[in-house]
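S.K.: make a model of this:
(chains A and B)
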Amino acid sequence: MTFIGNNAASNSGEPLRNPYLPFPMRVERTFVETSDRMLKSFDLAFMDKTDEAGFRFQPGQFCEVSLLGKGEAPLGIASSPTEKPLLRFTVNRAGVVTRGLHHLEEGDEVGIRGPLGNSYPMDRFQGKNVVIIGGGFAFTTLRSLVVFMLDHKNRKKFKEITVIYGARAPGLLLYKEEMAQWERREDVNLYVTVDKGDEDWNGREGFVPEVVEEVGPSSVDAYAVICGPPIMIKFTFPKLADLAFSPERIYTSLERRMKCGVGKCGRCNIGPLYVCKDGPVFSYAELEELPKDY
Amino acid sequence: MMKKLPEEKVTPFVEKLLKDYEVLGPIQTAGFVSFGRITSPGELKLNHQNSTKAPKEAFFPQWEVLFRYRSTGQSVEVQSTEDPGRTRILFGIRPCDIRAALLLDLVFDSLDSKDPYYINKRKGTIVVGLGCNHPVSTCFCPSVNGGPFSREGADLFMTDLGDGYLVEVLSRKGRKLLQYLNGKEASEEDKERAMAIEDSAARGISSVIEADGLMEKLEKMMEAPFWDFLHEKCLGCGICTYLCPTCHCFDIADEAFDLRGQRVRYWDSCQFPLFTLETSGHNPRPTGRERIRQRIMHKFNYFFSTHKAIACVGCGRCIIHCPVNLDIRRVIDDIHRE
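M.R.: This is a model prediction of the structure:
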């Protein structure tokens, strides 16, 4: 993509950065993540040095990923800032845009707007134990978070890191190769579970909330981050409460139908806050203050 | 500075403006009055009370292109459309609608994110306000910090004296238009007549809403049974949001034609189920209950909590045009009674 005549500012003097214009990225690699072929990951490379330099993000942020002619979809960034210059998105094939994304091949171009939204509170996590709980394909920004914390430059900034991750079946687990590497590391406690195994599965079986109870991560000096299907969150939250995690120490990331990504188009609000710009990451204490409109 | 523009000088004034500016004003279109670009002064409908469609479309059109793209085989060219072209005059806009623009500025020109499409049009527009001599029965602008002769946000302001207009210059942008005016300095008598018209207009406002305490009252009403019944007669047509001068929700979509296309945005409405429907099938606002609650809460609670202003200017359009007579004045009375 080349851009002509953007940042027009004939009347306003100062050029305004146009938050609606995507910049181009090239697909470097695509790979199918799950056995049902519904989830595919895309590693994208910046095509313009200025875009690359301007793109500074933290785990938990998202982008509007667009295919010209089809539209945009809000997708969490699955790669860590430490993995730049590549950006990764893991995409569930669900609608028009995500279906289009699944058809992309190496060398194809996509449009990106972002990074958008807030991030996991990395400064608060520093010097603390961090418990990461994920379910199904909601592990994308959690992957960003884990990879960021496990990076050799960052690892010493955090105390114990515990990851509990579950999926319905072994074939539906994301990032399997990486998980195998984390398994071998001494500096992360990884618990992977599936609702029901198959004949090749010799790992853990059971639902995420039960595994959380069994592992029983300490809430002392700790934060928990939880992302997954609503049913998993509903049953895991009481387990964390039993472990004495206070609502201020539990974070989650919300999904909404989002269009503009900058708090203008009006559809993703929960009370006075917009998930796209004031979220998507909220603590449970923050959510308790908001109307139950989600 | 106040000038008198006699009736017979209005046409030459607008004609001169048209030479140098694009002029938008209230015009008759397909059965109703809305703001559109005029090519001759005769098209202006200045005696009309207020336009059916709010003039917010001068800054935030119902449909607008964000950028166009064209594939040239190897690469794709993307061309933004944020440059609005030459300076425009919004002629004969009513005080409630000017106030609405000031409220929309809080959304589109916020500190955390600037919307160049809106801001470029807004900054490139000179606002010529027109006082309301005869507010209609559904007008309640004084209840929401406005008034039929509120000058807030206007660059020039006109009062209809019957035999011409009293024209006040209120800003540097407005001063630029003085050279086109060619009118005499307003006489003391003209000013007195204008004051009398203003007083009579203020007395002519018969509708009131109780804005005090509304925000706090709603704060505790999120789960009130009130919403279970309020939406029952609502058809979900969305006309209240389309005609509302402060509603700013929009959708973004791509329109593709072969190797070229465009990304557009267009007004959307919180009253539609699709507005919040997620691809998974989950809808955080699945019924009229949540959707009408969203509209009331956004205007009178959420917007206030973020911007310290109520997102309603008392124009009465939603009252006049609701097909089932869902009347915002009564809704607010009922909220206070809860």
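
S.K.: only C-alpha atoms from now on, for both contacts and neighbour counts.
M.R.: Fine.

S.K.: what does the stretch 101-250 of chain B have sitting close to chain A?
M.R.: B:107-108, B:113-116, B:119-120, B:123-124, B:222, B:248-250 (CA under 8 Å from any CA of the partner chain).

S.K.: which of these has the most neighbours?
M.R.: Within those, B:Pro116 tops the neighbour count with 26 neighbours, counted by other CA atoms under 10 Å in any protein chain shown.

S.K.: and the residues of the stretch 101-250 of chain B next to chain A, which two are furthest apart?
M.R.: B:Gly124 and B:Met222 (40.3 Å; CA to CA).

S.K.: list the contacts of residue 293.
M.R.: Since you didn't name a chain, this refers to chain A. Counting by CA atoms under 8 Å, 6 or more residues apart in numbering or on different chains, A:Asp293 makes contact with A:270-271, B:284-285, B:290.

S.K.: my question was about chain B
M.R.: B:222, B:227.

S.K.: quick one, longest helix in the chain?
M.R.: All of this refers to chain A. helix A:230-242 (DSSP state H).

S.K.: hmm, no, I was thinking of chain B.
M.R.: Chain B, longest helix under DSSP H: helix B:188-203.

S.K.: could you export that one as CSV, CA atoms only?
M.R.: C-alpha atoms of helix B:188-203 as CSV (Å, rounded to 0.1, in the frame of the first residue of the first chain):
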residue,chain,number,x,y,z
GLU,B,188,-31.0,51.4,19.5
GLU,B,189,-34.5,50.8,18.4
ASP,B,190,-33.4,47.6,16.5
LYS,B,191,-31.6,46.4,19.5
GLU,B,192,-34.6,47.0,21.8
ARG,B,193,-36.9,45.2,19.4
ALA,B,194,-34.4,42.3,19.3
MET,B,195,-34.5,42.1,23.1
ALA,B,196,-38.2,42.1,23.2
ILE,B,197,-38.2,39.2,20.7
GLU,B,198,-35.7,37.4,22.8
ASP,B,199,-37.8,37.9,26.0
SER,B,200,-41.0,36.7,24.2
ALA,B,201,-39.2,33.6,22.8
ALA,B,202,-37.9,32.7,26.3
ARG,B,203,-41.5,33.0,27.6
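
S.K.: elements contacting that helix?
M.R.: strand B:164-169 (3 or more CA pairs under 8 Å, 6 or more residues apart in numbering or on different chains; DSSP states H and E).

S.K.: setting aside sequence neighbours, what's the nearest residue to the closest residue to chain B within the stretch 51-200 of chain A?
M.R.: With CA to the nearest CA, the shortest gap between the stretch 51-200 of chain A and chain B falls at A:Gly69, namely 4.7 Å. Using CA to CA, 6 or more residues apart in numbering or on different chains and skipping the chain neighbours, the partner closest in space to A:Gly69 is B:Ala256 (4.7 Å).

S.K.: looks to me like that neighbour is in a strand.
M.R.: Yes - using DSSP: H, G, I helix; E, B strand; the rest coil, the assignment for B:Ala256 is a strand.

S.K.: if we can go back for a sec, how far does the longest helix of chain A sit from its chain's centre?
M.R.: Helix A:230-242 has its C-alpha centroid displaced from the chain centroid by 19 Å (CA atoms, centre = their mean, to the nearest Å).

S.K.: just checking, what packs against that helix?
M.R.: helix A:208-215.

S.K.: list the buried residues in the helix it packs on.
M.R.: A:208-209, A:211-212 (16 or more other CA atoms under 10 Å in any protein chain shown).

S.K.: what is the nearest of those to chain B?
M.R.: A:Val208 (21.4 Å).

S.K.: contacting residues around that closest one?
M.R.: Counting by CA under 8 Å, 6+ apart, A:Val208 has contacts A:133, A:135, A:164-166, A:193, A:232, A:236.

S.K.: low pLDDT regions in the stretch 201-338 of chain B?
M.R.: For the stretch 201-338 of chain B, not a single residue meets the criterion pLDDT under 70.

S.K.: let me see the domain layout of the chain.
M.R.: I went with chain A, as the question did not name one. A:23-116, A:122-250, A:254-294 (automatic domain parsing).

S.K.: if you could check chain B rather than the one you did, that'd help
M.R.: Split by automatic domain parsing, chain B gives B:2-60+B:82-203, B:214-249+B:268-337.

S.K.: between those domains, which one is closest to A:His102.
M.R.: The nearest among the domains of chain B, by CA to CA, is domain B:214-249+B:268-337 at 15.7 Å.

S.K.: among the contacts of A:Asp293, which lie within helices?
M.R.: Per DSSP H, the contacts of A:Asp293 map to helices at B:Glu290.

S.K.: could I get the contacting residues of the residue nearest the centre of chain A?
M.R.: Computing the C-alpha centroid of chain A and ranking residues by CA atoms, centre = their mean puts A:Thr141 first, at 1.8 Å. Neighbouring residues of A:Thr141 by CA under 8 Å, 6+ apart: A:59-61, A:76-79.

S.K.: from the residues you listed, which land in strands?
M.R.: Members of the contacts of A:Thr141 lying in strands (criterion: DSSP state E): A:Gly76.

S.K.: of all the contacts of A:Thr141, which comes closest to B:Tyr21?
M.R.: Using CA to CA, those come closest to B:Tyr21 at A:Gln61, 44.0 Å.

S.K.: what pairs with the helix or strand encompassing B:Glu77, parallel or antiparallel?
M.R.: Using DSSP states H and E, B:Glu77 sits within strand B:76-80. Using DSSP bridges, the strands paired with strand B:76-80 are strand A:2-4 (parallel), strand B:63-71 (antiparallel).
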